[in-house]
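[1] Just a sequence and a predicted model for now, questions to come.
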Amino acid sequence: MSDQITVTDDRRAAGVGDALVTASGGRKVADPGGGRATGAAALLAAAAVAALPLATDYSTTYLLAYIVIIALLGTSLHLLMGLMGVFSLGQAAMFGTGAYVAVVASDELALDGILGLLLVALVGAVLGLVMGAVTLRVTDLYLALATLAVGYIFENVVRNTDWLGGPQGRTGFVITVAGRSLDDPRLLFWVGIVALYLFIVIIWSMRRSKLGRAFMATRESPIAARSIGIDTRRYKLLGFALAGAFSGIAGALYAAWSLVVDPSVFGIDLTLSVLAIAIVGGLRSLPGILIVGAALTYFRNSAADFGAADYVLLVYGSLIVLSLRFLPQGLGGLLASTVTAGTSRMRGRRES
Amino acid sequence: MAALLEARGVTRRWGGLVAVNEVDLVVETGTLHGLIGPNGAGKTTLVNMLTGVDRLDGGTVTFAGEDVTGVPAHRLAGRGVARSFQTSQLFEDESVVDNVMAGRHRLIEYRFPHTFLTTPRTRRVEREHRLHVIGLLELVGLAEDANRRVSQLPYGRRRLVELARAIASDPTLLVLDEPAAGLPGSDVDVLAQVLVRLREVGFTVLVIEHNIGLLVSVCDRMTVLSEGRVIADGDPETVRRSPEVIEAYVGRTPDA
Ligand SMILES: Nc1ncnc2c1ncn2[C@@H]1O[C@H](COP(=O)(O)OP(=O)(O)OP(=O)(O)O)[C@@H](O)[C@H]1O
Ligand SMILES: [Mg+2]
């Protein structure tokens, strides 16, 4: 495929406005998605990350699997807060629901993990839709509190449902994928990484399509968005549904990882630590969130080895304060401006 | 000529204040229609109702022969009503190109799964539209700023982005709320040229101004609003000489 097209190929986009702009011919349009080199580098990095468990020992692989779960949650937070600008704290409810649905799917329905995960995604999406619908008319603090409340309600309901194990939750379940148990951290990691890569491709594609612009427009100015034909409610619901599916999958994998599922999966702790990651990494930057998510989760789990176990919260807190003060766009913002500066310097050199 | 937009008895109250009072307004297809009036006359309130941004307290609106009273903004936009805002409603953190690309939302069609997975088709359609948008930016003199973030632009340029975004949707009816407000002289010239060009290629435009002088030379027809009521309507010269209009503007500067 050619990377550039000319005006003569442009008939498809014709309308009244076409008469306005047909004057200059043969203009070139840059592909906004960055060059082929960037794509190749990203593929290489993705393959290297996927191959990591081949080189690591059991406990490190176990940690890697956990990092992937955190990354999945971070991705859904990026979608809701970064792309859509919706300050939702409902991830905990979606995550917990995903965990319980996965356990029920394997224990009660004897579904294989693949079908189980599809079911989890579906239930998560429906839950997301409901949360989106309930909060359609509220924003900001009210939305945050309303979505947070859903988590509390679910925790309470599950705690009082004997069938789901009550306050002790459930254990002794085996979640399998294609007949093999997910208690093998390598397999868990790979299943997680497939889901993560799928989410990344979806988000990355959306950002470059009308969907991403619709999210962006809704975030930046709902009035203007509606005035250019964007049904802001529909996109909010869609975003919530996707985030619900993503978070649900993260919860399902968490159940497989921790081997127990109890009402604490609906707790706010996890949401808050992922929120910390997203703030330090940059809500709008998926690479920033992924890098910071991996680094902080690694640090948190290995802190004892450095004798820093007592300082984990101090480090998290300081990082949040520092990044809010010095890097409001997080690490991702810093990365982006470094890259922009680098390319414009290169361009300058080439032109002179 | 056929009426593209027809408002009958349109009314809006803010508490005790009747901001728009039984207003009739007919915009004919292919015309450049000026809506003028002093500050607080109710111009913005009126077009907010015509474009589905605000609800009506009374009256009806017909667009392209269909009753669209109370139809929400995004539906009207889907039918081809585009507008710009008096107070900036840009997507601040995004580039000029992306702001204007968003304006093409209703025209971009690649369907599932192309929206969720970038495919050759997504790329091709996006490029076609981006090309169109860049042409549009050249038209309004924003080509140089295409990749800059809107928040980095000076005020006048930002107004032009808003104009370009509204035009980008290839609207059947384009409504501009004081596009010239705060523009430096050079950009006012660009704006006037664009308005003339829009009419040449067959757009129907409703432009709001509180300044009579600016529009008299370019408009086909003018409606004057004062204190929520239509006080004059017709061709620009007649409107400008009408005693009601002169009186409404007494103590202000009619021509600037
Ligand atoms: N949301 C609102 N709530 C209460 N009153 C309002 C509201 N919007 C407008 N008004 C009042 O309605 C009247 C008409 O306002 P509007 O903004 O429509 O005037 P305008 O003709 O657009 O003026 P300008 O030239 O200053 O833009 C004014 O008296 C204004 O104070
Ligand atoms: Mg106004």
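    Now that the structure is in, tell me what you want to look at. Residues are numbered from 1 along each chain as shown, chains lettered A, B, ... in the order given. Ligands and ions are numbered 1, 2, ... in the order given.
[2] Model confidence at the nearest residue to residue A:192 once chain neighbours are set aside, what's the number?
    Beyond its immediate neighbours in the sequence, the residue positioned closest to residue A:192 (C-beta to C-beta, 6 or more residues apart in numbering or on different chains) is residue A:68, lying 3.7 Å away. Placement of C-beta: from N, CA and C, glycine included. Looking at residue A:68, its pLDDT stands at 97.
[3] I'd assumed residue A:189 was in contact with residue A:68.
    Yes. Using C-beta atoms under 8 Å, residue A:68 is in contact with residue A:189, at 5.9 Å.
[4] tell me which element the residue nearest to residue A:192 falls in.
    If you go by DSSP states H and E, residue A:68 is part of helix A:58-77.
[5] how about the CA coordinates for that helix, as PDB?
    Below are the C-alpha coordinates for helix A:58-77, written out as PDB (Å, rounded to 0.1, in the frame of the first residue of the first chain):
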ATOM      1  CA  TYR A  58       9.000 -19.600  39.200                       C
ATOM      2  CA  SER A  59       8.600 -16.800  41.700                       C
ATOM      3  CA  THR A  60       9.600 -14.100  39.200                       C
ATOM      4  CA  THR A  61       7.200 -15.600  36.700                       C
ATOM      5  CA  TYR A  62       4.500 -15.500  39.400                       C
ATOM      6  CA  LEU A  63       5.300 -11.800  39.900                       C
ATOM      7  CA  LEU A  64       5.300 -11.200  36.100                       C
ATOM      8  CA  ALA A  65       1.800 -12.600  35.900                       C
ATOM      9  CA  TYR A  66       0.700 -10.300  38.700                       C
ATOM     10  CA  ILE A  67       2.200  -7.300  36.800                       C
ATOM     11  CA  VAL A  68       0.200  -8.300  33.700                       C
ATOM     12  CA  ILE A  69      -3.000  -8.300  35.800                       C
ATOM     13  CA  ILE A  70      -2.200  -4.800  37.100                       C
ATOM     14  CA  ALA A  71      -1.400  -3.700  33.600                       C
ATOM     15  CA  LEU A  72      -4.800  -4.900  32.400                       C
ATOM     16  CA  LEU A  73      -6.500  -2.800  35.100                       C
ATOM     17  CA  GLY A  74      -4.200   0.100  34.300                       C
ATOM     18  CA  THR A  75      -5.400  -0.200  30.600                       C
ATOM     19  CA  SER A  76      -9.000   0.100  31.600                       C
ATOM     20  CA  LEU A  77      -8.300   3.000  33.800                       C
END
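[6] Could you list every helix and strand that it packs against?
    Here helix A:58-77 touches helix A:91-107, helix A:185-207, helix A:232-258, helix A:268-281, helix A:286-302, going by 3 or more C-beta pairs under 8 Å, 6 or more residues apart in numbering or on different chains; DSSP states H and E.
[7] about what we covered before: now the residue nearest to residue A:192: how far from ligand 1?
    Using C-beta to the nearest ligand atom, to the nearest Å, residue A:68 is found at 49 Å from ligand 1.
[8] What count of nearby residues applies to that residue?
    26 (other C-beta atoms under 10 Å in any protein chain shown).
[9] dump the residue contacts of whichever residue of chain A sits closest to chain B.
    Residue of chain A nearest chain B, by C-beta to the nearest C-beta: residue A:21 (2.9 Å). Applying C-beta atoms under 8 Å, 6 or more residues apart in numbering or on different chains, one finds that residue A:21 lies in contact with B:132, B:135, B:136, B:138, B:139.
[10] Sort out for me which of the residues you listed are in helices.
    B:132, B:135, B:136, B:138, B:139 (DSSP state H).
[11] Most neighbours of all these, which one?
    Of those, with other C-beta under 10 Å as the count, residue B:132 tops at 27 neighbours.
[12] center of chain A - which residue?
    For chain A, residue A:75 is the residue whose C-alpha lies nearest the centre (C-alpha atoms, centre = their mean; 1.1 Å).
[13] can you count the residues close to the nearest residue to that residue once chain neighbours are set aside?
    Ranked by C-beta to C-beta, 6+ apart and with sequence neighbours excluded, the top spatial neighbour of residue A:75 is residue A:199, at 4.8 Å. By other C-beta under 10 Å, 23 other residues sit near residue A:199.
[14] Perfect, I'm done here.
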